[in-house]
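> sequence first, predicted model second:
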Amino acid sequence: AQKITQTQPGMFVQEKEAVTLDCTYDTSDPSYGLFWYKQPSSGEMIFLIYQGSYDQQNATEGRYSLNFQKARKSANLVISASQLGDSAMYFCAMREPGGKLIFGQGTELSVKP
Amino acid sequence: DAGVTQSPTHLIKTRGQHVTLRCSPISGHKSVSWYQQVLGQGPQFIFQYYEKEERGRGNFPDRFSARQFPNYSSELNVNALLLGDSALYLCASSFVYSQVQPQHFGDGTRLSIL
């Protein structure tokens, strides 16, 4: 069965600094998609970035980049130049062959001024 | 373009009642999924529909049911509500139900059971 593990319940980062949120996954399927979502306290789930298992390059989307290490089965999210508005829960997720998303437990990021 | 819209935003029910939650996907999206998020946890998959057919079901009791309409909107129904059903219910849509397409979420419905 597919599984997503986020081992950091909470993280602190100083404003304008970079932060890495960890995500490891487990799957026997050679084809899969990895996603990161941001969930502010208001509750909406905001799609940030996607990495496909066959992608040769790490995904980037503005200040977000994904450090994809396939052999280690890790897909860490890097946020550069943190802003106060980045404070939120961050979820790593994998999409199964049938299409449903499997989520990790999440990491609560707090950005300090 | 409008994103995924869910209604109502908040709902308070008592044990034993039933509830219907509604979701309208992004225009052009044919796949709708429902997730339950209990406080402090990641979302758990409940149902997925594509082209009005159920394509996946999570580990939830038969009290939970859903359907998708010809316009691709969807309803989630929960009967005989229990205190443990209190959660944020999220609806997500995507163009197809493939592994490489991101799902886009609505703001959710917060359901409280008294």
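That came in fine, so what should we check first?
> chain A contacts on chain B?
Counting by CB under 8 Å from any CB of the partner chain, chain B comes close to chain A at B:31, B:33, B:35, B:41-45, B:48, B:50, B:55-56, B:58, B:88, B:90, B:92, B:94, B:96-108, B:110. For glycine as for every other residue, the C-beta is placed from the backbone atoms N, C-alpha and C.
> name the residues of stretch A:94-103 that are buried.
For stretch A:94-103, a neighbour-count test (16 or more other CB atoms under 10 Å in any protein chain shown) marks A:Met94, A:Arg95, A:Glu96, A:Gly99, A:Lys100, A:Leu101, A:Ile102, A:Phe103 as buried.
> tally of neighbours for A:Glu61?
The criterion is other CB atoms under 10 Å in any protein chain shown. On that basis, A:Glu61 has 12 neighbouring residues.
> all helices of chain A, in order?
Secondary structure of chain A (DSSP state H): no helices present.
> filter the residues of chain B next to chain A down to the ones in strands?
Those of these mapping onto strands are B:31, B:33, B:35, B:44-45, B:48, B:50, B:55-56, B:88, B:90, B:92, B:94, B:104-105, B:110, per DSSP state E.
> among these, name the buried ones.
Neighbour counting by 16+ other CB under 10 Å classes B:31, B:33, B:35, B:44-45, B:48, B:50, B:55-56, B:88, B:90, B:92, B:94, B:104-105, B:110 among those as buried.
> and the nearest residue to B:Gln6 once chain neighbours are set aside, what does it touch?
The spatially closest residue to B:Gln6, leaving aside those adjacent along the chain, is B:Gly106, at 3.9 Å (CB to CB, 6 or more residues apart in numbering or on different chains). Residues counted as contacts of B:Gly106 (CB atoms under 8 Å, 6 or more residues apart in numbering or on different chains) are A:Glu44, B:Gly3, B:Val4, B:Thr5, B:Gln6, B:Cys23, B:Leu90, B:Cys91, B:Ala92.
> contact partners for the fourth one?
Residues near B:Thr5 by CB under 8 Å, 6+ apart: B:Cys23, B:Ser24, B:Gly106.
> what's the closest of those to A:Leu34?
The closest of those to A:Leu34 turns out to be B:Gly106 (CB to CB; 22.0 Å).
> how near is that closest one to B:Leu90?
Spatial separation of B:Gly106 from B:Leu90 under the definition CB to CB, to the nearest Å is 7 Å.
> shared neighbours of those two, anything?
Residues touching both B:Gly106 and B:Leu90 (CB under 8 Å, 6+ apart) are B:Gln6.
> so residue 19 bridges to which residues?
Using chain A. A:Val19 has these beta-bridge partners by DSSP bridges: A:Ile79.
> switch to chain B, that's the one I care about
On the basis of DSSP bridges, B:Val19 takes part in beta bridges with B:Val78.
> looking at it, it is touching B:Ile12, isn't it?
No - the pair formed by B:Val19 and B:Ile12 falls short of the contact definition of CB atoms under 8 Å, at 9.9 Å.
> between these two, which one's more packed in?
Set side by side, B:Val19 and B:Ile12 show more neighbours around B:Val19, with 18 against 12, by other CB under 10 Å.
> mind listing what that one touches?
Taking CB under 8 Å, 6+ apart, we find B:Val19 in contact with B:Leu11, B:Lys13, B:Asn77, B:Val78, B:Leu81, B:Leu111.
> ok, A:Thr5 next?
For A:Thr5, the contacting residues are A:Cys23, A:Thr24, A:Tyr25, A:Asp26, A:Gly104, A:Gln105, by CB under 8 Å, 6+ apart.
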